[in-house]
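Colleague: just coords:
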């Protein structure tokens with residue numbers, strides 16, 4: 001049985017609000033030095049609204065990602081309390097933080113596709129040169 005549209009719409013609005021609030025906290029309200037510059041890319045609420053997965057893109061390497069994830073997991077209770085206070089909601093879902101590597105994966109995929117296209121163009125030009133008639137074999141026109 002499909003879920004009613006109003007419920008889905010409400011869940012998406014709440015997820016967007018959570019994303020904005022947590023993003024604002026990441027920009028400067030959390031004073032943990034382990035948190036590196038990062039952005040909330042997506043918040044996914046479960047259908048019942050009991051838990052939410054927060055995807056965070058961290059600018060840096062794997063060490064920065066691990067450090068930021070550990071700091072956010074530690075600050076989870078503070079973040080929930082702040083959301084409850086700011087949004088005035090009765091129930092704030094349990095937050096689970098995850099690193100979003102989609103931008104890095106997209107960049108890597110673009111790089112690999114670019115290499116393939118470059119290799120294909122090189123092969124096409126080599127085949128065109130090898131199949132083209134040489135000047136010695138060209139027919140001579142008579143006048």
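Modeller: The structure has been received and is ready for your questions. What you see is a predicted model; the values in this text were computed from it and never measured. Residues are numbered from 1 along each chain as shown.
Colleague: secondary structure element for residue 42?
Modeller: Using DSSP states H and E, residue 42 falls within strand 38-45.
Colleague: look up how far residue 23 lies from the spatially most central residue of the chain.
Modeller: Residue closest to the average C-alpha location in the chain (C-alpha atoms, centre = their mean): residue 102, at 3.6 Å. Noted for residue 102: a distance of 17 Å to residue 23, by C-beta to C-beta, to the nearest Å. Backbone N, C-alpha and C define where each C-beta goes, glycine included.
Colleague: got the angle between the lengthiest helix in the chain and strand 38-45?
Modeller: As assigned by DSSP state H, the longest helix anywhere in the chain is helix 102-131. Between helix 102-131 and strand 38-45, the angle comes out at 100 degrees (axes from the mean of the first three to the mean of the last three C-alpha atoms, to 10 degrees).
Colleague: residues touching the closest residue to residue 37 other than its chain neighbours, list them.
Modeller: Excluding its sequence neighbours, the residue lying closest to residue 37 (C-beta to C-beta, 6 or more residues apart in numbering) is residue 59, at 4.7 Å. Residue 59 makes contacts with 36, 37, 38, 39, as judged by C-beta atoms under 8 Å, 6 or more residues apart in numbering.
Colleague: so how far is residue 123 from residue 129?
Modeller: Here the criterion is C-beta to C-beta. By it, residue 129 lies 11 Å from residue 123.
Colleague: near residue 6, how many other residues are there?
Modeller: Neighbourhood size, residue 6 [other C-beta atoms under 10 Å]: 8.
Colleague: what strand or helix carries it?
Modeller: Going by DSSP H and E, residue 6 is part of helix 5-24.
Colleague: ok now that helix, how far from the chain's centre?
Modeller: Relative to its chain's centre, helix 5-24 lies at 18 Å (C-alpha atoms, centre = their mean, to the nearest Å).
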